[in-house]
Each structure stands twice: as C-alpha cells, then as structure tokens.
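Peer 1: Prediction below, plus the sequence it came from.
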Amino acid sequence: MSIDVELKTIIEAALLAAGRPLSFAELENLFADNERPEPSEIHSALAELAEDCRGRAVELKQVASGYRLQVREAFSPWVSRLFEERPGRYSRAFLETLAIIAYRQPVTRGEIEDIRGVAVSSSIVRTLQERGWVQVVGHKEVPGRPALLATTKQFLDYFNLKSLGELPPLQELIDDLALQAAPQDQPVTENANTESIE
Amino acid sequence: MSIDVELKTIIEAALLAAGRPLSFAELENLFADNERPEPSEIHSALAELAEDCRGRAVELKQVASGYRLQVREAFSPWVSRLFEERPGRYSRAFLETLAIIAYRQPVTRGEIEDIRGVAVSSSIVRTLQERGWVQVVGHKEVPGRPALLATTKQFLDYFNLKSLGELPPLQELIDDLALQAAPQDQPVTENANTESIE
Amino acid sequence: MTDLADCEKTVVTDSNSERDARQVDSQAVSEGAVTAAPLAFVNGAPFTELPEDLYIPPDALEVFLETFEGPLDLLLYLIRRQNLSIVDIPIADITRQYITYIEMMSELRIELAAEYLLMAAILAEIKSRMLLPRPTGPEQGEEDPRAELVRRLQEYERYKHAAQELDALPRCERDVFETSADTGAIKVKKIYPEVELKEVLLAFQDVLRRAERSTHHHIQREPLSVRERMSSILARLRTQLLIPFPSLFERKEGRHGAVVSLLAILELSKERLIEIIQEEPLGELQVRPLMASGVD
C-alpha cells in the first residue's frame, strides 16, 4: 500500500504468488490502467530483480511463456529431497523421439521412424502429449493423413528454454565421405541399468 | 555443491520450491544424515531468513503445519489481479428476483416464489446480499419466520436512484406490456445465451 | 535394391551354414539362394563361441541389446567402438559382426524386432553390390552402395546426440524448480457483473407478463414509495425495538411524506409485520415488530 513500494518488488510478489511463468502482458495487467508503468520501466524492474537475485536461492529466468523465479540448479541436492518421487529418467527412445520432434517439427511419426530406424511406440507419443510437451499441429496431406507433431511452450518452459533457437545446435551432417568423424564416447551403456520412464 | 551455500538460503529454496508449509522435521530432512545441521542452527537460519525478508515481497510465517513464505498482504492491490475472475453476467432468475424485491419489498422468499412461479435459489439471495443490494429487514411472523427482504441504499446508489420512487411505477410497466403486444425489439433476449452467474 | 526377402534368407542362411565369418564375406552372394527357413536353422545350431571383438558375455547379451534403440544404433555402436569412420564403413567387417549379433539373439531366443532382420538384409545387399565390379567412367559414376546407409547412420547419430544434449539441459523438477509462495494473505477483490437498470425492469416485465397470464396472482399496485417506506421502517425496527409513532413521520417530508408513512405503517400492520401499541389510554402510540411468541 505504501506509496514507495518498488516496481521490482511488486513483480517479485506476483511471480511468487502465481507459481508459474507470467508473460509480459500479465505483468502489465497487474496495474490499473491509470497507474500502469511504461514497458521500459517494467523491463528495468525485471533487470533489477534479476540483479537482486544474485546470491539468493532463486533466479529470474525468461522461458517461453514468460518470466519466472526458479530455484537455482545449485540447490537441487537439497530441494530434490522434498519430492518423494525422484524425477524419472527418460528412456533413450523417449528422448530421441522428443529430440526429433523438437528439431524437425512439424514431423510425422513415420518420419521419426525413418530417422530412428525402429517403430515409435504409441505410448511414447501419448506420454509426450499427456505431459503437454508435444501437440498435433496438423495433418500431412499424404495417404493416411498422418498427424504432424510439434513441441509446445510447456516443453520449452520445462527445459528452461525461451525458444527453440535456444536448443543446443544440431550436429553438422558430414557429407564428405572422406572425412572421418572423430571418435566419440559411447555413453550408450551407461544408461543400461538406469530406470526409465516413458 | 559449493561449500559456502548458506543454510538460510537452502531453507528459502526449499520453502519456495515446496509451495506449502514445511515442518521442522522436513527442513531437517533436506540434509543427508552426515551433513544435517543442529536444530539450533536451523532455528537461527530461520530467524536470519525472516530478517532477510524485510522489505521483500514475501515474509516468513510459522503456521500450524510448519514454516512458509507468504506474499505480503501489502501486495494485494496488484497480486489480486492475478486471481480476479472475469465477471460473467447475472442470470435471468437473479434479475427477476432483484426486481421483485425492489417493487414488492419487504418480501419473503416464499412470496417471490409465488410471483415467479418457480423456486428461488438460496445462492441468488446470498449473492444479492453479498453484493449489498438486498438486506434482511425483519422476519415475517408466520410459521418458519421467513426473512423479509428489502433493497438497500447501495442498490439505489448503484442504479443512480435517489429513491425507489424514481423507478417506473408498476402501472407504467404494465401499460408498457400492453404496448409491447405489438412486436418490438426485445433486448432482453440478448441475454438468453450468455453465460450467467448467480 | 534387390528383393529384400531373398536377401534376408541369404544373410541368415549364409551365416548359419558358414561359421567362418570371412567365408561368409566372400561367399554370401554366390551361395545366396538357399531355401531353408532361416530362423529355425539358427535356433538349432549349437552356439559355442563368441567372436572375440564383441567383448560381451552371453548372459549380458539381452541387457546389451536392450540398450540399443534399433539396428542403426547397434551399427553405430559397432562402428564407433572400433573408431571406424561412418563415411567409409568397412562393410564386410560390420556386416559380419552385425550378423553375429543377430545370430546370438536368435540363439538365445531373444525376440528381435523385424527392423534388425531388415537391416541384416540391407547390409548383405550392400556388401554384394560392393563386390560387383564398379563402373569406372566418370559419366556413369554409380553412387557408393553404402551412401544411403551412411546418410541414415549420420542422420540418426545427429538426433541421438541431440537427445543426449536435451537430457543434459537443466530441467524443471530435476535441476531447477518452479517457485510459489503462499497467497493466503492476499485479499482478492471480487469483481461483480455490471447490470443496467433497464435489464432489471425488463426482467420484471417478464415476471408481470407471466403473472398476468396466471389469474390467481394479483400483484398489488401500491406506490413504490410506500413499499420503500415499509422496508425502512422494518429496518429501523431491527435496531430499535420500539419506535414512537410520531417519529415515523418527518416534518420536512410534508403532507405527501406523511401519507406515505401512514400507508406504510398500515400496510405493515395489515401484513402482520408490525403492531401498533398504546400502553395506556391516551398514551403515546408506539410501533414494534410483531413477534408471535416473543421469540428472538
């Protein structure tokens, strides 16, 4: 109520109250029409808030659906003990399917199968949709009109990304038959006995 | 993780990630057995955290089920906008009930039902009272002692009336009805398919 | 590409009848057309030794296979673990190793996805084309028979790698956590719908229209000012249980006001909502709410 409540503190209050990312428009709409700050003021307040978070438990992060205050990665050793269920590891089939959809979207299941060389289980696609990470964005006009799959904002939010452009770049394809790809670690077998969820 | 992560910051991280009160035991269980702080250390960390929250958007509260960080009441004017629901429209039944109370006051619910020919839901009467447009001015001395409903000064204020006398007299409304026997626009029916709330 | 079914038979029967893999390499094509049902042969054959370059104890084989995401993944593994180049696969070697796996799987009755058998057929087909004399003229330069497989392996490897990177991104619930604070202290203003007086009047006309139709409802037509005064008298009686009659009249309202008040009092009395009492003859009239049995 006091007149000197700072804009950045109001934003902090709103982000912590919402418990989800707030878009810039939602931040603007915290204010009545006649007392709404300029966008530039909100931007500076966000920058100040980010600065204030230094050394604190949370950081201000911009993800696809907006701004959120999130507990820093450094605290996960303690914070993850709060949650009885350890976050599941995703199976390689799940992650590969998700990666192909993320990088190649919009893409049909058949195209995913072509790349992976094996059938894509329906349960993986269903789980991806249930988690809200993947959605059907249309149908390809070929026989059978297969669904075209694409990732969602929630996918980006969950993986801490603002846009698909923030995904790690896809490896270059080496076209030259003479070029030998550098030998590489084989992390494959590491995963052999880890639990996996789909 | 880094050795100089402060206990109070770990607690802050856990409280914000949990989004619910954490008991003292839960705070202790954030730590592995061999690195668990003494209860007295946790108590001091909580005190420091409470101190750190001065001037910030949240405050540390101890409630029955433990400790929680809550958004300060002072931020209600802004934060409440996150939770405001867009008002719908009042139902036909609501408007009719209000009109009957205005014209026939003081009136019991039973009398309103007689006039409308259908039951009046308690939620309508409750909403009218919540809104401050209708009040109970007495009880009728018949079995059950039903409440006598009447309109309030706020009702007059909202509709910009100095007194009920400024409402069109009943006779006029009835005469209007006769006129309307001739087909005419009926703005009323606009509402027919809009969502309504009570 | 030649008929896949034939190739498949070729591969499996070759490797079955010829334990020596090098022999398979050279003879696969020439001895191709064998008619026996391929898998049955494999299951029947005693399986005595593992190729040394596989380094996999048999009991781990099943677990091992589960770590592969299909034939492309298995091929990539075979290539990468020997530091071989994808783009210049020693196809004979890889085919031999791959087929050895397939045989072991069958031997251990591990159900193999059809894709693995298809890949065996593709490999054998490529190998056979590699053995054919390559046309030399630059004009008719035929593509390397391995090209399509190489392309698929490379493409798959990109996404396999991308999946690992995706898995390594800090993600919610594992590395970072969404935050929320309690909002119990926040007072939410309730927003009410807007209503226009016209809507209320129109609603009332509807009520009247319905009431007119049913004859047993007769809506009385007191002036509204009387109804309003009735309400206000009742409201006063809630806080003041006994009101002197004269105080219900206000001089400044004049004659009209007095009439309204009187009508309101009479109406309230008639509806048995109030009673007018006089405690002693010629004493002051007083009004009080009617309470049937002194309840309240």
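Peer 2: Yes, it's here.
Peer 1: can you tell me how far residue C:66 sits from residue C:78?
Peer 2: Distance of residue C:66 to residue C:78, computed by Cβ to Cβ, to the nearest Å: 16 Å. For glycine as for every other residue, the C-beta is placed from the backbone atoms N, C-alpha and C.
Peer 1: Looking only at neighbour counts, state which of the two leads.
Peer 2: Just comparing residue C:66 and residue C:78: by other Cβ atoms under 10 Å in any protein chain shown the higher neighbour count belongs to residue C:78, 21 against 12.
Peer 1: got a list of what the more buried one touches?
Peer 2: When contacts are counted by Cβ atoms under 8 Å, 6 or more residues apart in numbering or on different chains, residue C:78 touches C:94, C:97, C:98.
Peer 1: same thing but at 10 Å, please
Peer 2: Contacts for residue C:78 (Cβ atoms under 10 Å, 6 or more residues apart in numbering or on different chains) come out as C:53, C:54, C:84, C:89, C:93, C:94, C:95, C:96, C:97, C:98, C:100, C:101.
Peer 1: where's stretch A:92-111 relative to the chain centroid, distance-wise?
Peer 2: 15 Å (Cα atoms, centre = their mean, to the nearest Å).
Peer 1: Give the rounded mean pLDDT of it.
Peer 2: Throughout stretch A:92-111, pLDDT has a mean value of 96.
Peer 1: for stretch A:159-176, same thing?
Peer 2: 83.
Peer 1: Give the buried residues for that stretch.
Peer 2: If you call a residue buried by 16 or more other Cβ atoms under 10 Å in any protein chain shown, then stretch A:159-176 has these buried ones: A:159, A:160, A:161, A:167, A:174.
Peer 1: ditto for stretch A:142-156
Peer 2: Residues of stretch A:142-156 classed as buried: A:146, A:147, A:148, A:149, A:150, A:151, A:152, A:153, A:154, A:155, A:156 (neighbour count, 16+ other Cβ under 10 Å).
Peer 1: do the same with stretch C:147-160
Peer 2: In stretch C:147-160, counting by 16+ other Cβ under 10 Å, buried: C:149, C:150, C:152, C:153, C:154, C:155, C:156, C:157, C:158, C:159, C:160.
Peer 1: quick one: which of the residues you listed is nearest to residue A:78?
Peer 2: Top of the list for closeness to residue A:78, among these and by Cβ to Cβ, is residue C:160 at 33.2 Å.
Peer 1: got any ranges where the stretch 151-296 of chain C has weak pLDDT?
Peer 2: Scanning the stretch 151-296 of chain C for pLDDT under 70 picks out C:213-222, C:291-296.
Peer 1: Return the residues of it in contact with chain A.
Peer 2: C:151-183, C:185-186 (Cβ under 10 Å from any Cβ of the partner chain).
Peer 1: from these, which ones fall inside helices?
Peer 2: The helices, defined by DSSP state H, take in C:151-168 from these.
Peer 1: before we move on, back to that, kindly reformat the buried residues of stretch A:142-156 as CSV containing secondary structure, pLDDT and distance to residue C:203.
Peer 2: As requested, those are exported to CSV (DSSP: H, G, I helix; E, B strand; the rest coil; pLDDT from 0 to 100; distance: Cβ to Cβ, whole Å):
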residue, secondary structure, pLDDT, distance to residue C:203
A:146, coil, 96, 54
A:147, strand, 96, 49
A:148, strand, 97, 50
A:149, strand, 97, 51
A:150, strand, 97, 49
A:151, strand, 97, 50
A:152, coil, 96, 45
A:153, helix, 96, 44
A:154, helix, 95, 44
A:155, helix, 96, 49
A:156, helix, 96, 49
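Peer 1: closest to residue B:60 among these?
Peer 2: residue A:154 (31.2 Å).
Peer 1: That closest one is in contact with residue A:161, isn't it?
Peer 2: No: using Cβ atoms under 10 Å, residue A:154 is not in contact with residue A:161, being 11.0 Å away.
Peer 1: who touches the residue nearest to the spatial centre of chain A in this structure?
Peer 2: Nearest to the mean C-alpha position of chain A, by Cα atoms, centre = their mean, lies residue A:156 at 2.3 Å. Contacts for residue A:156 (Cβ under 10 Å, 6+ apart) come out as A:63, A:64, A:65, A:102, A:133, A:162, A:163, A:164, A:166, A:167.
Peer 1: residues contacting the closest residue to the first one other than its chain neighbours?
Peer 2: This points to residue A:63. Nearest residue to residue A:63 in three dimensions, chain neighbours excluded: residue A:157, at 4.6 Å (Cβ to Cβ, 6 or more residues apart in numbering or on different chains). By Cβ under 10 Å, 6+ apart, the contact list for residue A:157 reads A:20-21, A:61, A:63-66, A:68, A:132-133, C:171-172, C:178.
Peer 1: Of these, which is the most crowded?
Peer 2: Result: residue A:68 is most packed of these (other Cβ under 10 Å), 24 neighbours.
Peer 1: And what about that residue, helix, strand or coil?
Peer 2: strand (DSSP: H, G, I helix; E, B strand; the rest coil).
Peer 1: out of the contacts of residue C:78, who has the most neighbours?
Peer 2: residue C:95 (29 neighbours).
Peer 1: host element of that one?
Peer 2: Using DSSP states H and E, the element containing residue C:95 is helix C:91-107.
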